[in-house]
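Chemist: predicted structure and sequence below. I'll ask about it afterward.
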Amino acid sequence: MLKACANLPLRAKCWAVKIPLSRVYIDDAIKQRILAAVDSENFILGKECTAFEQELAAHTATKHCVLTSSWTSGVHMLLLALGVKAGDEIIVPSHTAFPSVEPIVQVGAKPIFIDVDESYTLDVKQLESLITPRTVGILPVHLYGHPADLARVKAIAEKRKLLWIEDCAQAQGAAWNGKKVGSIAPYGAFSFFPSKNLTVFGDGGCITLNDDAIAEKLRMMRNHGRKDKYVHEFVGFNMRFNEMQAAVGREQLKHLDDFNARRRQAVVWYRERLKEIPGVQLPIEREGCTPVYHMFVVQVEKREALAKHLKEQGIGTGVHYPVPNHQQPAMTKLYKDLPKLPVTEKIVDRILSLPIFPKITEAEVSEVCQQIGAFMKKSEKAMVTV
Ligand SMILES: *Cc1c(COP(=O)(O)O)cnc(C)c1O
């Protein structure tokens, strides 16, 4: 740590990060797989990609998995393949990563923002009131790795004949009533961005589904609408995946269940220690859900001050997300009738993501909690003396 600081100009602030917010898993086996992929002299959509698709489909328990260049490109293609068009509306939580919203807008449809409940996933009680004659779909997000309340979403989607897509970008391996996310709705969308639970060493994503025709269409669409090498059936995209990343992903997938179990263990350690500290609100686990804690998010009154204190102690934190999507400039420029979402607007000032990654140790979790305890005590005292 000190060595890294030695190269910096004296005046530069250098907080050595002792415990980062997240950490990508890298090992020699993965590095070897990359070299082997290079030696194969196959670079795009080859054997590694085919095998990765089969292994992902098996892990999710779906018939098909179609690899894409990212979650965002996968959902963009999926919405086009399903015929979503200008004037259509899709219900999506505001409290999610901005990309959840982008493909909806890119195909000309309108995102209808819904508030979240205490699980940080869409508040299904509000779903029916948001449905209009223009509604064509619902995009529940399994935020922070916690499955959304899919029973109500499924019932409403089926009754109203709406398409629904699970945003599984933060929840790979999570389960809902014993089923893996991505296999419950007709379509699941995943991301392998290097902070997610299953990562590659770059961008990537996939769509999981059982529908043969849509799977075939997506495979063609990601590859310039190709039917075969020289025949283009329709105008598509280049949203392909590549062999080196597939090799990395296949190696990471071997560890995914173990890594998710480790994340859950880290949360057990966090809960044991944080429940003693007043003023720290812990996340809930809804019955029937097995979340995979892409993030471990607590709520506190003095979020910024606590984040600063932790940073000074070498502890990384994050805020996911400080600006809700219905208040993003990209949205306020496009739409004049954006809703007020009281829960989302309240929590964005209180949420703080604490360090979590598969290899985090009990000692590291203890240190984070000790520092939170010390900060809370200090700020309590400050309140009393005021
Ligand atoms: C990361 C993320 C995305 C976007 O994934 P990309 O692969 O970067 O396009 C979408 N939704 C959620 C909830 C995410 O966390």
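Modeler: That came in fine, so what should we check first?

Chemist: quick check: the spatially most central residue of the chain vs the ligand, distance?
Modeler: When Cα atoms, centre = their mean is applied to the chain, the residue found nearest the centroid is Gln170 (2.6 Å). Counting by Cβ to the nearest ligand atom, to the nearest Å, the gap from Gln170 to the ligand is 5 Å. Bear in mind the C-beta positions are built from the backbone N, C-alpha and C, glycine included.

Chemist: that residue contacts Asn197, correct?
Modeler: Yes - shown here, Gln170 and Asn197 form a contact pair, counting by Cβ atoms under 8 Å, at 7.3 Å.

Chemist: overlap in contacts, these two.
Modeler: Listed as contacting both Gln170 and Asn197 by Cβ atoms under 8 Å, 6 or more residues apart in numbering are Gly145, His294.

Chemist: stretch 227-245: end-to-end distance?
Modeler: Stretch 227-245 has an end-to-end distance of 24 Å (Cα to Cα, to the nearest Å).

Chemist: does that stretch reach the ligand?
Modeler: No - counting by Cβ under 6 Å from any ligand atom, the ligand has no neighbours in stretch 227-245; the shortest distance is 10.6 Å.

Chemist: number the residues from 57 up from this point.
Modeler: That works, and once the first residue is 57, the last one we named lands at stretch 283-301.

Chemist: pLDDT on that stretch, on average?
Modeler: What stretch 283-301 shows for mean pLDDT is 97.

Chemist: Provide the secondary structure category for Glu222.
Modeler: Recorded secondary structure, Glu222: strand (DSSP: H, G, I helix; E, B strand; the rest coil).

Chemist: in this protein, which spans are helices?
Modeler: Applying DSSP state H to the chain gives helices spanning 58-62, 84-95, 103-116, 127-137, 158-162, 183-186, 206-216, 268-277, 299-330, 359-368, 385-388, 398-403, 418-441.

Chemist: could I get these as TSV with mean neighbour count?
Modeler: Putting the helices of the chain into TSV (neighbours: other Cβ atoms under 10 Å) gives the following:
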stretch	mean neighbour count
helix 58-62	9
helix 84-95	14
helix 103-116	19
helix 127-137	25
helix 158-162	19
helix 183-186	14
helix 206-216	16
helix 268-277	18
helix 299-330	19
helix 359-368	16
helix 385-388	12
helix 398-403	16
helix 418-441	15
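
Chemist: any idea which of those gets closest to Tyr200?
Modeler: helix 299-330 (10.6 Å; Cβ to Cβ).

Chemist: partner residues bridging Leu123?
Modeler: Per DSSP bridges, residues listed as beta-bridge partners of Leu123: Cys262.

Chemist: that one contacts Cys105, correct?
Modeler: Yes - using Cβ under 8 Å, Leu123 and Cys105 qualify as a contacting pair, with a distance of 5.6 Å.

Chemist: what do those two both touch?
Modeler: In contact with both Leu123 and Cys105: Phe297, Ala302, using Cβ under 8 Å, 6+ apart.

Chemist: next, count neighbours for the closest residue to Lys141 other than its chain neighbours.
Modeler: Nearest residue to Lys141 in three dimensions, chain neighbours excluded: Gly164, at 5.9 Å (Cβ to Cβ, 6 or more residues apart in numbering). Gly164 has 13 neighbours, counted by other Cβ atoms under 10 Å.

Chemist: now do the contacts for Gly164.
Modeler: Per Cβ under 8 Å, 6+ apart, neighbours of Gly164: Lys141, Ala142, Gly143, Asp144.

Chemist: is it correct that the third one is in contact with Thr191?
Modeler: No - using Cβ under 8 Å, Gly143 is not in contact with Thr191, being 11.0 Å away.

Chemist: okay, the two: which has more neighbours?
Modeler: Shown here are Gly143 and Thr191; by other Cβ under 10 Å, Thr191 has more neighbours (18 against 10).

Chemist: verify the stated contact: the more buried one with Ala213.
Modeler: No - applying Cβ under 8 Å, one finds Thr191 not in contact with Ala213, separated by 10.2 Å.

Chemist: so what sits opposite Val172 in the bridge?
Modeler: Beta bridges link Val172 to Leu178, judged by DSSP bridges.

Chemist: enumerate the residues of the stretch 257-406 of the chain near the ligand.
Modeler: Within reach of the ligand by Cβ under 6 Å from any ligand atom, the stretch 257-406 of the chain has these residues: Asp259, Gly261.

Chemist: good, we can wrap up now.
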